[in-house]
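J.: Below is the structure, and that's it, no one-letter string:
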């Protein structure tokens, strides 16, 4: 069993899709990452900040998955980060209606002592200086540091983002962001350019079109499972990241072969996440459901062609 | 060795991409299908119509691949179908600048006697009544009839298209067209709806995002090979169809397992097609190059996860 440190938001989300709307529900990158990683034999802990308006039941949801919350600062009288978004009809794009940073505005991450030796660190989408601060607090270089980011940081804190990128092993980024970061349209060229910036592994997420893993001359692709209906894409990318890092921490094997498996596990878990609003599907997901769907992934992608 | 009958255009294409432009070059659905199918041990013949303005050298390009041209009517004094198009910067969309049907306007397909017993019939994108006429000329029901079509026929000849669709086994169609034909946004639901219309197999082409094969409860996905540069997408869909049908005709095996292989072969060949203008890459493609790239496809998609 490996140790996984997760840094990211624990938040209120409010979501509207063509299928309906939620009130304020549990969300945030660290939440989805933690829930996904809990499918594996891993000791995980979250570093985050919330206000005391966050219902204790939300934290209990995470504790029930054996996620250590010692690194989650609860600010007395503070308000929890709140995001409200509305998806367009095709669910591939959304408008952010409200972003209230609240306690996140002054977030000073503190890594608990017993997680300073984590094997894998998953830096969820946050200000690059927060991500860098966590790396600097580790007492030894983790075996693997994975970073997720988004266009907002490229627009506003590009130099700081480039600095933290130098210190990581894997970046997860979507296709448009990879193009923005590198000014290369071809994803193959973009991935090569990002590898020049630091991370030896580049995961490019293409939403419903799957995910690509690049490392040197190696490329691996995992499709998204074709679903009858995508209900709510919120958290799918973080769920992918949680499955990816959870599997790698649990197996303690950083070969490319094992990274491929991690990409499949991440894609597999993300396929559940989008079936219900918010964390609904991930909260009670069983190992049996996960295994059954892995069989579907195999059937979807595996073939036998004998080559002479 | 199976017999493959190909129906489709042999044409002049004139192409502009961000990388440059061609003059009039050899193009057309039947051309690309035939070149791709020639990679397999198959006896193939084309049914088409051209004018006597088509250079004999173009026909020789096809003859050199052992493609039977007895079914290609050459209209004396007639002009060959001409298409001119310009791709946008991302190469995912294009504007048609000129479409001159010319001899194609009155095309009455004539299947040569020795191809009326073809094992596989590939009906390239044409007026549905032309496609139906070919089916009706066969002396026995082919083992497999594959049809490609496009939104133009849905807009203008929907009832005739629906009629021919009743008589086929496999349809190849792109994602937007599948949505248009069925009024279902979800490709899983669209594929199910199309299967209700007749074809037991539905191939949905997603361009750079790969292709899906649906049959009953089975789904298989083949990605497009991530390329440094897509140079000219013209003919990629037809090349896919040629690889798909050529492989099935050559192997004479219509199991779903073999259909999966056919999808991979089609995707593999399409990855070459887009590397050069028009037919340039396909004309001289060697079996060694094809095999080498199949290895890349395996590395791209195959993984081993043991399931308990």
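T.: Arrived safely. Quick caveat, the model's predicted, so the values are computed rather than measured.
J.: Surely residue A:31 forms part of a helix?
T.: Yes - per DSSP: H, G, I helix; E, B strand; the rest coil, residue A:31 lies within a helix segment.
J.: Skipping adjacent residues, who's closest to it in space?
T.: residue A:10 (5.3 Å; CB to CB, 6 or more residues apart in numbering or on different chains). (Glycine included, C-beta is placed from N, CA and C.)
J.: could you measure that neighbour against residue A:82, distance?
T.: In this view, residue A:10 and residue A:82 are 11 Å apart by CB to CB, to the nearest Å.
J.: okay, those two: which has more neighbours?
T.: A direct count of neighbours by other CB atoms under 10 Å in any protein chain shown for residue A:10 and residue A:82 places residue A:10 higher, at 28 against 19.
J.: The more buried one and residue A:51 touch, don't they?
T.: No - counting by CB atoms under 8 Å, residue A:10 stays clear of residue A:51, with 10.3 Å between them.
J.: any residues in contact with both of those two?
T.: Residues touching both residue A:10 and residue A:51 (CB atoms under 8 Å, 6 or more residues apart in numbering or on different chains) are residue A:80.
J.: Next, find the distance separating residue A:126 from residue A:152.
T.: 10 Å.
J.: between those two, which one's more packed in?
T.: Shown here are residue A:126 and residue A:152; by other CB under 10 Å, residue A:126 has more neighbours (25 against 14).
J.: Give me the three-state assignment for the more buried one.
T.: From three-state DSSP, the assignment for residue A:126 is coil.
J.: Who are the contact partners of it?
T.: By CB under 8 Å, 6+ apart, the residues touching residue A:126 are A:7, A:8, A:9, A:29, A:107.
J.: Identify those among these that sit within strands.
T.: Members of the contacts of residue A:126 lying in strands (criterion: DSSP state E): residue A:7.
J.: Out of the contacts of residue A:126, which are close to chain B?
T.: When contact is defined as CB under 8 Å from any CB of the partner chain, the contacts of residue A:126 do not meet chain B at all.
J.: contacting residues around stretch A:268-286?
T.: With CB under 8 Å, 6+ apart as the criterion, stretch A:268-286 contacts A:13, A:15, A:17, A:20, A:22, A:25-27, A:31-32, A:35-36, A:39, A:61, A:224-225, A:227, A:229-237, A:239-240, A:242-243, A:289-290, A:293-294, A:297.
J.: which residues touch the closest residue to chain B within the stretch 1-150 of chain A?
T.: Using CB to the nearest CB, residue A:90 is the residue of the stretch 1-150 of chain A that sits closest to chain B, at 6.9 Å. For residue A:90, the contact set (CB under 8 Å, 6+ apart) comprises residue B:185.
J.: For residue A:233, see how far away it is.
T.: In terms of CB to CB, residue A:90 sits 10 Å off from residue A:233.
J.: Report how many residues lie close to the closest residue in space to residue A:218 that isn't next to it in sequence.
T.: Nearest-residue entry for residue A:218: residue A:256, 5.4 Å, with adjacent residues in sequence omitted and distances by CB to CB, 6+ apart. As a burial measure, residue A:256 scores 13 neighbours (other CB under 10 Å).
J.: pLDDT at residue A:256, what is it?
T.: On pLDDT, residue A:256 comes in at 97.
J.: Skipping adjacent residues, who's closest to residue A:273 in space?
T.: If the residues on either side of it in the chain are set aside, residue A:273 comes closest to residue A:239, at 4.1 Å by CB to CB, 6+ apart.
J.: Just confirm the one you found is within a strand.
T.: No - Residue A:239: not assigned to a strand; according to three-state DSSP it is helix.
J.: wait, doesn't it sit right on residue A:32?
T.: Yes - in this structure, residue A:239 is within contact of residue A:32 by CB under 8 Å, at 4.9 Å.
J.: just the strands in chain A please.
T.: A:2-7, A:11-17, A:20-21, A:25-27, A:42-51, A:67-75, A:82-87, A:94-100, A:120-123, A:144-148, A:170-174, A:201-205, A:211-215, A:218-222.
J.: how about a markdown table for these, with mean pLDDT and distance to residue B:266 added?
T.: Listed next are the strands of chain A as a markdown table, based on pLDDT from 0 to 100; distance: least, CB to CB, whole Å:
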| stretch | mean pLDDT | distance to residue B:266 |
| --- | --- | --- |
| strand A:2-7 | 98 | 41 |
| strand A:11-17 | 96 | 35 |
| strand A:20-21 | 92 | 40 |
| strand A:25-27 | 97 | 41 |
| strand A:42-51 | 98 | 40 |
| strand A:67-75 | 98 | 45 |
| strand A:82-87 | 96 | 34 |
| strand A:94-100 | 93 | 34 |
| strand A:120-123 | 98 | 38 |
| strand A:144-148 | 98 | 35 |
| strand A:170-174 | 97 | 28 |
| strand A:201-205 | 98 | 24 |
| strand A:211-215 | 98 | 21 |
| strand A:218-222 | 97 | 17 |
